[in-house]
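# Give me the fold of what follows.
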Amino acid sequence: MSKNILYIGNKLAGKGRTVTTIDVLGPLLKKEGFQLRYASSVQNVSARMLHMLRVTFLSRNWAHFVLIDTYSTRNFWYSITIGRLCKSLKIKYIPILHGGNLPERVTKNPKAIKAFIENAHQVVSPSDYLIHAFAKAGYQQLIKIPNHIDINQYDFKHRAVLQPKLLWVRSFDKIYNPEMAIDVLEILSKKYPEAKLCMVGPDKDGSMNTCISLAAQKNLNVEFTGLLDKEDWIAMSTDYDIFINTSHFDNLPVSIIEAMALGLPVISTNVGGIPYLIDNELNGLLLEPYQAERAADLIDDLIQQRINSEKMAHQARNTALEFDWNKVKQSWLQLLHW
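Okay, the predicted model is just below:
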């Protein structure tokens, strides 16, 4: 008998927002034979919450499991609320922890977290970062199922000589500090006037307009593409040589795994789950947040071949292979008793 899964999350990719786990994992589970329902693609936050509650209630006698994408910012509370409803309806629910700042929630909202975690059928984390952080707070029941990609979609490009062509892929949100990418380009342009930056992603909180204004004021060569389909930005990535990630806090960004798969040397802030993914100077380069000068220096080192970028890129590709769906799906099938 096929298992029925209700998937709760922000299914907003069709509304001009970034593709998230619900948009990717759900269809993959369906291909494995599961029956899926989703909530929600409603744009208004309050209406989305009500829709999630309604669909959960209506699915009480249908769903074998409820998967709940769990973030650390304002969407944190829809996860908590759905978890409470699932408990009252006696539905098995499985939080999938995404938010890089969830450890702070353990301190700020201890009662809510305690009930949410302890009443769950199982708790999934894509990275060891959250597993370790929650273990420190006494929660030992988390299991690791990594974020995933289809490795066949990512052709590795050999880059023997690097140019100052930077790629940034993320939603424009203050927590991802997109302005730092502009600062890095400004510093780099002093030595490399031809340096350019492409920033891919939708605007989430007005940060894109801030970055556009900064780039114009500083007369920098920055392209803002807005949201692109995965196929489009992967194709465009061949025109760029270095990937930068600038976030304040994070868990395990799929965009970094994708960059590693494509052969782009990655420079990232050393936050959240990223150091569990990037081994500094082995498969990528790490620096502390807000260190634009340091980022520019590392880019210069790559361009001047003071760092073996080819070896690093191949190591990164090997890392990305571990996130291929054909490997990761076995953990999901085992969890869902397929």
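# and Lys204, backbone torsions?
For Lys204, the backbone dihedrals are phi -110, psi -30 (criterion: degrees, to the nearest 10).
# what number of residues lie near it?
Using other CB atoms under 10 Å, Lys204 has 17 other residues around it. From N, CA and C alone the C-beta is placed, and that goes for glycine too.
# Report the contact partners of Phe243.
Neighbouring residues of Phe243 by CB atoms under 8 Å, 6 or more residues apart in numbering: Leu166, Leu167, Trp168, Val169, Ile256, Ala259, Leu264, Pro265, Val266, Ile267.
# Recalculate using a threshold of 10 Å.
Residues near Phe243 by CB atoms under 10 Å, 6 or more residues apart in numbering: 166-169, 237, 255-256, 258-260, 262-268, 284, 316.
# Next secondary structure element downstream of the host helix or strand of it?
Per DSSP states H and E, Phe243 falls inside strand 242-245. Next in sequence after strand 242-245, counting helices and strands by DSSP H and E, comes helix 254-262.
# Quick check: mean pLDDT of that following helix?
Regarding helix 254-262, the rounded mean pLDDT is 97.
# same deal with stretch 270-281?
Mean per-residue pLDDT for stretch 270-281: 96.
# Please apply the same query to stretch 298-312.
Mean pLDDT, computed over stretch 298-312, is 97.
# Now do that stretch: distance to the chain's middle.
25 Å (CA atoms, centre = their mean, to the nearest Å).
# same thing with stretch 252-265?
Centre-to-centre, stretch 252-265 and its host chain are 11 Å apart (CA atoms, centre = their mean).
# which residues touch the spatially most central residue of the chain?
With distances taken as CA atoms, centre = their mean, Pro253 lies nearest the centre of the chain, 3.0 Å away. Counting by CB under 10 Å, 6+ apart, Pro253 touches 100, 126, 147, 169-170, 176, 245, 247, 259, 268, 272-274, 277.
# Identify the residues contacting stretch 200-209?
Outside stretch 200-209, the residues that touch it by CB under 10 Å, 6+ apart are 12-13, 15-18, 167-179, 199, 210-212, 223-228, 232-233, 236-237, 240, 255.
# please redo it, this time with the cut-off set to 6 Å
Applying CB atoms under 6 Å, 6 or more residues apart in numbering, the contact partners of stretch 200-209 are 16-18, 169-174, 178, 225, 227-228, 233.
# And stretch 24-44, by the same measure?
Against stretch 24-44 from outside (CB under 6 Å, 6+ apart): 2-8, 11, 15, 48, 51-52, 55, 59.
# again with stretch 89-99
Applying CB under 6 Å, 6+ apart, the external contacts of stretch 89-99 come out as 60, 63, 65-72, 83, 86, 120-125, 130, 251.
# how about 7 Å then?
Residues outside stretch 89-99 that contact it (CB atoms under 7 Å, 6 or more residues apart in numbering): 21, 60, 63-73, 76, 79, 83, 86, 116, 120-125, 130, 251.
# cool, and stretch 186-198?
For stretch 186-198, the external contacting residues (CB under 7 Å, 6+ apart) are 164-168, 181, 185, 218, 220-223, 225, 240, 292-293, 296, 299-300.
# re earlier: the strand holding Phe243 pairs with which strands, parallel or anti?
Partner strands and pairing direction for strand 242-245 (DSSP bridges) are strand 165-169 (parallel), strand 266-269 (parallel).
# would you turn those strands into JSON lines with mean neighbour count and distance to Ile96?
Formatted as JSON lines, those follow (neighbours: other CB atoms under 10 Å; distance: least, CB to CB, whole Å):
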{"stretch": "strand 165-169", "mean neighbour count": "24", "distance to Ile96": "21"}
{"stretch": "strand 266-269", "mean neighbour count": "25", "distance to Ile96": "22"}
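# Which of those strands sits closest to Glu310?
strand 266-269 (13.8 Å; CB to CB).
# Switch the contacts of Pro253 over to a markdown table; also include distance to Gly33.
Converted to a markdown table, the contacts of Pro253 look like this (distance: CB to CB, whole Å):
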| residue | distance to Gly33 |
| --- | --- |
| Gly100 | 32 |
| Pro126 | 23 |
| Asn147 | 22 |
| Val169 | 32 |
| Arg170 | 33 |
| Tyr176 | 36 |
| Asn245 | 36 |
| Ser247 | 36 |
| Ala259 | 32 |
| Ser268 | 37 |
| Gly272 | 34 |
| Gly273 | 30 |
| Ile274 | 34 |
| Leu277 | 30 |
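# any idea which of these is closest to Lys327?
So of the contacts of Pro253, ranked by how close each gets to Lys327 (CB to CB), first place is Asn147, at 11.9 Å.
# I'd say the closest one and Val254 touch.
Yes. Counting by CB atoms under 7 Å, Asn147 touches Val254, with 5.1 Å between them.
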